[in-house]
Structure formats: C-alpha cells, structure tokens
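Peer 1: next comes the sequence, and after it the predicted model I'd like to discuss.
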Amino acid sequence: MIIAIDGPAASGKGTLAQRIAGHFGYVWLDTGLLYRAVARDVFAAGADLEDAEAAARAAAALDATSLGDAALRSTAVGEAASVVAKHPAVRAALLDFQRNFARTPPGAVLDGRDIGTVICPHADVKIFVTADVEVRARRRFEEYVRRGENVTYEEVVEVIRQRDARDASRAAAPLLQAPDAVLLDTTEMDIEAAFEAALAIISHVTSGRSAPC
Ligand code: DC
C-alpha cells in the first residue's frame, strides 16, 4: 500500500502523513527532509545552492541516517531546500531512495511535492492537501512563536508565497496536483477534522480493492 500526500509549504501534509502512517502501521517519509539535508550538506561543503553539480554530489552522498537532525527544520534550511530542489540532477539522485522506501511492507506514506506525479505515479491513494496561504502562514507563524523564533506574521506570509511560487514554477517536477489525486482543502479544518477527512478519502479510494487495514 502506498499513500502519496502532496501539497504546498505549511499545508499540514507532514502532520497528516505521520498520523495516517501511525493509524495503519505504515512507515512514513517526509521527503522535504531529503532536500533540506542536501541544502545543509551543500552549505557545509562551502558550495553555492545554485551550483547544480555540487548539489547533485551532495544528493548522491546523502546519509539518510542524518534526517533526524533538528537543524533541518529551520526556515532558512527550508528556503535553501527549495533552491536545490529545482536541479533535475538532485531530484534524479533522490529518486531510487524514495521509490525503495515506498515499497516497504505492509505500506508507506510519503509526503512532498511530487510523490503522486513523479515518485509514485501508481500510488494506491493520492491526496493533495492545501489551504489558503493566510491560513498556512498563520499556522506556521504560531509554530514559530511556540518555538520562540523572532519572526512576524507578515514575514511568514511573504516567505510562504515565495516558496509556493518557486516550487510551482520550476521546470523539474513542479508542485502539481496529480489528475487522480483527491483534493483536501483544510482551510476550515483543524488537524482532527483533516485527519478524519483523509481517512474517509482513503477508505473511499480503496473500497472495492484490498482495504488498507
Ligand atoms: O516540505 P518541506 O517544506 O520540508 O520542503 C522543503 C523544500 O523541498 C520545498 O520547498 C521544495 C522541496 N521539495 C521538493 O521539491 N519535493 C518534495 N517531494 C519535497 C520537498
């Protein structure tokens, strides 16, 4: 069973994917961490994020055991990840790892930008999670406040708008809803409601086939 969850920055797809994986006893991969780790390693090598060859080298040498690094969660690394993610060679270098992960029995949930379109086009269930940009920014801002980060709501909206634009406009695997993905707009939902809605989608899509649990 493969469940693909795609969506823009701060849409809540990671939280949702983690909850879904826990519910069914599946493994979960936040694929944004791969691009974040590549950006971190490009920095560490003293290279430029725009240097596609340096970024591809970092992607090829990526140590998946380093994905738990708390530093990967910062805004700056998220921004940098969005830059290295536009290099086709970086995406190609990370492809096999994601596809192998997706084949983990009895099932896997992967969240990202191109899971339903490129990484797992044959996923059993595809959900495209989104919410209005102001709502996404508000959620992210509150998260930063809880962590004690010194940032304004206006700055967060601006960063998310820029990231949306970069992720959606790049030539390689842009952020895109797969034609067979179900749209889940969480603008008016809290995480519990979004989780229930996602379970209903999974149940609907898999009914008639082998159930996910
Ligand atoms: O989901 P996130 O914010 O952790 O992702 C960071 C960046 O990584 C995002 O702006 C674009 C890139 N990314 C991607 O291109 N493809 C994915 N499957 C996941 C993330």
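Peer 2: Nice, I can see it. Numbering: from 1, shown residues only.

Peer 1: all contacts plus neighbour counts: C-alpha atoms, from now on.
Peer 2: Noted.

Peer 1: got the contact list for the helix or strand hosting A55?
Peer 2: Per DSSP states H and E, A55 falls inside helix 52-60. Residues outside helix 52-60 that contact it (C-alpha atoms under 8 Å, 6 or more residues apart in numbering): 38-39, 41-42, 47-49, 84, 87, 89-90, 93-94.

Peer 1: quick one: buried ones out of those?
Peer 2: V38, A39, D41, V42, A47, L49, V84, H87, A89, V90, A93, L94 (16 or more other C-alpha atoms under 10 Å).

Peer 1: doesn't I127 lie inside a helix?
Peer 2: No: I127: not assigned to a helix; according to DSSP: H, G, I helix; E, B strand; the rest coil it is strand.

Peer 1: contacting residues for it?
Peer 2: Here I127 is in contact with I3, A4, I5, D6, A181, V182, L183, L184, A198 (C-alpha under 8 Å, 6+ apart).

Peer 1: please name the nearest non-neighbouring residue to the fifth one.
Peer 2: The reference is to A181. Ranked by C-alpha to C-alpha, 6 or more residues apart in numbering and with sequence neighbours excluded, the top spatial neighbour of A181 is K126, at 4.5 Å.

Peer 1: residues contacting that neighbour?
Peer 2: Contacts of K126 (C-alpha under 8 Å, 6+ apart): I3, A4, I5, D6, G116, A178, D180, A181, V182.

Peer 1: quick check: it vs the ligand, distance?
Peer 2: 13 Å (C-alpha to the nearest ligand atom, to the nearest Å).

Peer 1: for the most centrally placed residue in the chain, name its beta-bridge partners.
Peer 2: Central residue of the chain (C-alpha atoms, centre = their mean): G112, 2.5 Å from the mean position. Taking DSSP bridges, one obtains D6 as the residues bridged to G112.

Peer 1: that one is in contact with S11, isn't it?
Peer 2: No: the pair G112 / S11 is not scored as a contact, 10.6 Å apart, by C-alpha atoms under 8 Å.

Peer 1: secondary structure class for V109?
Peer 2: V109 is classified as strand under three-state DSSP.

Peer 1: for G46, same thing?
Peer 2: Under three-state DSSP, G46 falls in the coil class.

Peer 1: for burial, what's the neighbour tally of it?
Peer 2: 9 (other C-alpha atoms under 10 Å).

Peer 1: contacting residues for it?
Peer 2: Counting by C-alpha under 8 Å, 6+ apart, G46 has no contacts.

Peer 1: how close does it sit to A64?
Peer 2: 21 Å (C-alpha to C-alpha, to the nearest Å).

Peer 1: ditto for A17
Peer 2: 19 Å.

Peer 1: who has more neighbours, these two?
Peer 2: Taking other C-alpha under 10 Å, A17 and A64 do not tie; A17 has more neighbours (27 against 11).

Peer 1: ok, Y35 touching K86?
Peer 2: No: at 9.9 Å, Y35 and K86 do not qualify as touching, with contact defined as C-alpha under 8 Å.

Peer 1: neighbour count for these two, which is higher?
Peer 2: Legend: neighbour count by other C-alpha under 10 Å for Y35 and K86, higher for Y35 (28 against 21).

Peer 1: angle of the strand or helix carrying F43 against helix 52-60?
Peer 2: F43 belongs to helix 32-44 when assigned by DSSP H and E. Here helix 32-44 points in a direction 120 degrees away from that of helix 52-60 (axes from the mean of the first three to the mean of the last three C-alpha atoms, to 10 degrees).
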